[in-house]
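Asks: pasting a predicted model and its sequence here:
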Amino acid sequence: MNEQQHLDTLSDIKRLMERSTRFMSLSGLGGIGAGVSALVGAYFAWDLLNDGGGRGGYGYERTSETVLVFRLMLIACAVLVAALSAGFYFTWRKARQQGLPIWDASARKVFINLAIPLGAGGFFILGLLDLGYVGLVAPSCLVFYGLALVNASKYTLTDIRYLGYVEVVLGIIALFNLYNGLFFWALGFGVMHILYGAIMWWKYERKAA
Amino acid sequence: MNPIGNLNKVFESRIRLGVMSVLMVNEEVSFNDLKEVLEVTDGNLASHLSTLEENAYIKVHKGFIGRKTNTTYSITKTGEKAFKGHLAALEAMIKFSQ
């Protein structure tokens, strides 16, 4: 065996260690897609709150308006579906280009580690809505989502950890600016996703495309 | 000193080396996940796994998911030491030849 073969062996080892623990196909374009859906959703929500309420502000104090809350929930669900579809589509496309399986052991680890904090957050937020604390919804979304990202970052691109930190910090700032909840929600889920997606695309996918 | 004296014979096969690499960084890996990541056939993988087991480098856990068997593998302390030694030997050898 010559030197080159040994170097190949070492790089094989490194690749296997990485590929077996980390899900590498997460796409930056998916992040951009999710961010755009969030911004569109935030625009509709803002429109609804300003127009539908008949008076200015975000109308969080009038929690008795269940219709308004219901409509906002509809927008939120639409955003969720659009963001997830964009994320899945671009990740699936990237995995196929790299010839990697999309649903392997490392993808399952990412999914489970995202799902636990997100599930907890989801039920927590349903509880808040039930109690009428509508203003706490946006900060809670950001904090739980950020913690989910930090948790899952061990099993995918490490950069996602920083996005997680940013979301947590934004969530906490939003908690102290309750009446600007929608603004922070749009900043965290819209602008930050687009920024993060663009950076990831620039870092990992530009050459391949 | 002989630069290849510290290389471990058991790790001469690429597949065994691959199995050890994967088990170093994962607590427990199932047979199917190993097969997927290493891209090898059942029989081939099984025979290399049994060699590693005979050397006490890996531990086998037989379990069930419903009625289907689910066999998982993990690295032993001996295996970890042997693999690290092998990597150090590889590194030393590359430095030696430069």
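Replies: In hand now; what should we look at? Residues are numbered from 1 along each chain as shown, chains lettered A, B, ... in the order given.
Asks: tell me what the helix or strand hosting A:Asn151 is packed against?
Replies: Using DSSP states H and E, A:Asn151 falls within helix A:137-152. With contacts taken as 3 or more C-beta pairs under 8 Å, 6 or more residues apart in numbering or on different chains; DSSP states H and E, helix A:137-152 sits against helix A:105-131, helix A:160-175, helix A:181-185. Backbone N, C-alpha and C define where each C-beta goes, glycine included.
Asks: does the first one come close to chain B?
Replies: Yes. Under the criterion of C-beta under 8 Å from any C-beta of the partner chain, chain B is reached by helix A:105-131 at A:Ala105.
Asks: for that helix, buried residues please.
Replies: Buried positions in helix A:105-131, judged by neighbour count with 16 or more other C-beta atoms under 10 Å in any protein chain shown: A:105-107, A:109-110, A:113-114, A:117-118, A:121, A:125, A:128-129.
Asks: now the strands for chain B?
Replies: B:29-30, B:58-65, B:68-75 (DSSP state E).
Asks: shaky segments in chain A?
Replies: Filtered on pLDDT under 70, chain A yields the residue ranges A:1-2, A:51-65, A:208-209.
Asks: who in it is up against chain B?
Replies: Checking chain A against chain B by C-beta under 8 Å from any C-beta, the hits are A:3, A:6-7, A:9-10, A:12-13, A:16-17, A:19-21, A:101, A:104-105.
Asks: give me that answer again for 6 Å
Replies: A:Glu3, A:His6, A:Ile13, A:Leu16, A:Met17, A:Ser20, A:Thr21, A:Asp104, A:Ala105 (C-beta under 6 Å from any C-beta of the partner chain).
Asks: how about the first one, nearest residue that isn't a chain neighbour?
Replies: Just to be clear, that refers to A:Glu3. In this structure, A:Glu3 finds its nearest non-sequential neighbour in B:Ser97, 4.9 Å apart by C-beta to C-beta, 6 or more residues apart in numbering or on different chains.
Asks: per-residue pLDDT, that neighbour?
Replies: Turning to B:Ser97, the model gives it a pLDDT of 71.
Asks: A:Gly13 and B:Met24: what is the separation?
Replies: Quick fix: residue A:13 is Ile, not Gly. Using C-beta to C-beta, to the nearest Å, we find A:Ile13 at a distance of 9 Å from B:Met24.
Asks: of these two, who's got more company?
Replies: For A:Ile13 versus B:Met24, neighbours defined as other C-beta atoms under 10 Å in any protein chain shown are more numerous around A:Ile13 (22 against 18).
Asks: relative to A:Asn177, how far out is A:Leu48?
Replies: According to C-beta to C-beta, A:Leu48 and A:Asn177 sit 20 Å apart.
Asks: same question but for A:Phe124, I mixed them up
Replies: Separation of A:Phe124 from A:Asn177 (C-beta to C-beta) stands at 20 Å.
Asks: and what of B:Phe64?
Replies: Separation of B:Phe64 from A:Asn177 (C-beta to C-beta): 53 Å.
Asks: these two: who's more crowded?
Replies: Applying other C-beta under 10 Å to B:Phe64 and A:Asn177 shows that A:Asn177 carries more neighbours, namely 12 against 9.
Asks: quick one, phi/psi of the more buried one?
Replies: phi -130, psi 60 (degrees, to the nearest 10).
Asks: ok, and the closest non-adjacent residue to A:Ala120?
Replies: A:Phe144 (6.8 Å).
Asks: state which helix of the chain is the longest.
Replies: Assuming you mean chain A. For chain A, the helix with the greatest residue count under DSSP state H is helix A:66-98.
Asks: ah, I was thinking of chain B
Replies: Max-length helix for chain B by DSSP H is helix B:77-97.
Asks: and the contacts of that one?
Replies: A:Glu3, A:His6, B:Pro3, B:Asn6, B:Leu7, B:Asn8, B:Phe11, B:Met20, B:Ala56, B:Tyr57, B:Ile58 (C-beta atoms under 6 Å, 6 or more residues apart in numbering or on different chains).
Asks: go again with 8 Å.
Replies: Residues from elsewhere that reach helix B:77-97 (C-beta atoms under 8 Å, 6 or more residues apart in numbering or on different chains): A:3, A:6-7, A:9-10, A:13, B:3-8, B:10-11, B:20-21, B:23-24, B:52, B:55-58, B:75.
Asks: contact residues of chain B facing chain A?
Replies: For chain B, the residues in contact with chain A (C-beta under 8 Å from any C-beta) are B:14, B:17-18, B:21-22, B:24-26, B:29-30, B:33, B:36-38, B:87, B:90-91, B:93-94, B:97-98.
Asks: of those residues, keep whichever come out buried.
Replies: B:17-18, B:21-22, B:24, B:26, B:29-30, B:33, B:36-38, B:87, B:90, B:93-94.
Asks: what residue lies at the spatial centre of chain B?
Replies: Among the residues of chain B, B:Met20 comes closest to the average C-alpha position under C-alpha atoms, centre = their mean, at 2.5 Å.
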